[in-house]
Each structure stands twice: as structure tokens, then as C-alpha cells.
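*Asks:* Predicted model and sequence follow; I will ask about them next.
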Amino acid sequence: MYDKLKKYCKQIVPLSDMELDLIDQYFVEKTLKKKEFLLQDNTVCKFIAFIAGGSIRHFHVKEGDEKTCDISFDNSWVTDYQSFTHSSIAKMNLQAMENTTVFLITKQDLSQLYNECSKYETFGRLMAENVAQRATEIAMSLSADKPEERFQNLIKTQPDLFQRVPQKYIANFLGISPESLSRIRNRISRKEKS
């Protein structure tokens, strides 16, 4: 599984075999069972994790209701950036939607890795930019697109989503009820058949 992380890193930044071997030294493999938490709110997030296989739902709880912010799949990075960066209490929960394997690096180890190999600093910056871009796209979609447009964009960008994640979480992520999601799916299906 470390090979998957190494291959991913090498696609982003040119790294020698010796530089890639630092991954074995600084990252720790963790396996999560379906519904197990990688991070729970009201704790401090001390890691960044790479999803080697599986999926993680990002959500927070408001007035007793879970609000899904994102769902990340293979070859994605997950953390609560605010908590990780400022050592503050996390507001986000990260929960496995299926059996999931991640590679974790702690804040302290990440600093040591950056000191040992500056190419990983470049890699870290590129990953942070990627995460920021995704957050901006989600925020813009929620504020400007109709639910049907958000649904169609989700199908286009993550076609296997419905096979891997329960519909209630997808609906929650889209900001609609599961019933509304069913109606949208049926309406689109009818349009495609005619």
C-alpha cells in the first residue's frame, strides 16, 4: 500500500527513490472499518491523511443534525486544516464510509520531513492548494447551483459515488432531503430515456 502513496507523490513532484523512501519513515498506515472515525470533533487534529483505498465523509454537527461537507475517495488528502494548523479543537468529523486504508503523518513528522527534503514542502503546498480549490468549488456550487445541477456535477466528477456511499449522505452533501434526491434521479432518468 505504501507503493500507492509513493506513486501518487511521484506524479506530483519529481522524487528520487531515496526521497520516496522517506514516506516509509514518516507515514503510518491505519485501517478503518466502515463507520469508524478517523477524527471526531472536540479533539485536536494532529495529522494529515492520504486515502490509499476507501472513502471518508467530512461532516459537522449543527443543532443535533449532521451536515456533510464533503466525501473523499482514493488518492485524496483529509484533515481538519484549521485544527491541524492552529492546534485548535476540531469542528469536523472524518468517518469511513467503507473499509478504508489511510496513511497518516503527524504535524511534527511533517515538519521534519519538510526539513529533510524540501521537495515535500512543494508537494505540501500543491496539496493545500488542491484542497482549497475543492472547498471553493463546493462553496460556489452550494451558493449558485440548483440541486439538480449539483447532482449532475457530482455524477460527472464522481460517477461511482452511488455505489460506495449511502444515498442519505449524498443528499445531505447536496443540501437536500433523500426524497428530493430520489425525485431528481428519477427526473433525470426519464429525460435520458426519452
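*Replies:* That came in fine, so what should we check first?
*Asks:* Name the residues of stretch 124-137 that are buried.
*Replies:* Going by neighbour count (16 or more other CB atoms under 10 Å), the buried part of stretch 124-137 is 124, 127, 131. C-beta coordinates here come from the backbone N, C-alpha and C atoms, glycine included.
*Asks:* who touches it?
*Replies:* 12-13, 70, 77, 81, 110, 114 (CB atoms under 8 Å, 6 or more residues apart in numbering).
*Asks:* Just the buried ones out of the residues you listed, please.
*Replies:* 13, 70, 77, 81, 110.
*Asks:* now, among the residues you listed, which is nearest to residue 158?
*Replies:* Among the buried ones among the contacts of stretch 124-137, residue 70 lies closest to residue 158 (CB to CB), at 10.7 Å.
*Asks:* Could you tell me which residues make contact with that closest one?
*Replies:* By CB under 8 Å, 6+ apart, residue 70 lies in contact with 57-58, 134-135, 138, 173.
*Asks:* so where's the longest helix in the chain?
*Replies:* Scanning the chain for the helix with the most residues, using DSSP state H, yields helix 119-144.
*Asks:* Name the next helix or strand following it along the chain.
*Replies:* The element immediately downstream of helix 119-144 (helix or strand, assigned by DSSP states H and E) is helix 147-157.
*Asks:* Give me the domain ranges for this structure.
*Replies:* 2-142, 145-194 (automatic domain parsing).
*Asks:* that older thread, from the contacts of residue 70, pick the one nearest residue 5.
*Replies:* residue 134 (19.2 Å).
*Asks:* Tell me where this protein has strands.
*Replies:* 28-32, 37-39, 47-53, 55-62, 65-73, 77-78, 93-96, 100-106 (DSSP state E).
*Asks:* Mind checking which residue lies nearest the centre of this protein?
*Replies:* In the chain, the centroid-proximal residue (CA atoms, centre = their mean) is residue 72; its distance is 3.1 Å.
*Asks:* can you pull up the bridge partners for residue 78?
*Replies:* With DSSP bridges as the criterion, residue 78 is bridged to residue 49.
*Asks:* My guess is it contacts residue 94. True?
*Replies:* Yes - counting by CB atoms under 8 Å, residue 78 touches residue 94, with 5.5 Å between them.
*Asks:* Give me the common contacts of the two.
*Replies:* 38, 49, 56, 58.
*Asks:* check contacts around the third one.
*Replies:* It stands for residue 56. The contact partners of residue 56, taken as CB under 8 Å, 6+ apart, are 38, 49, 71-72, 76, 78, 94-97, 100, 102.
*Asks:* Show the buried residues in those.
*Replies:* The neighbour count (16+ other CB under 10 Å) marks 38, 49, 71-72, 76, 78, 94-97, 100, 102 as buried among the contacts of residue 56.
*Asks:* Turn the buried ones among the contacts of stretch 124-137 into a markdown table, columns for pLDDT and distance to residue 21.
*Replies:* Formatted as a markdown table, those follow (pLDDT from 0 to 100; distance: CB to CB, whole Å):
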| residue | pLDDT | distance to residue 21 |
| --- | --- | --- |
| 13 | 90 | 15 |
| 70 | 88 | 31 |
| 77 | 91 | 20 |
| 81 | 89 | 27 |
| 110 | 94 | 17 |
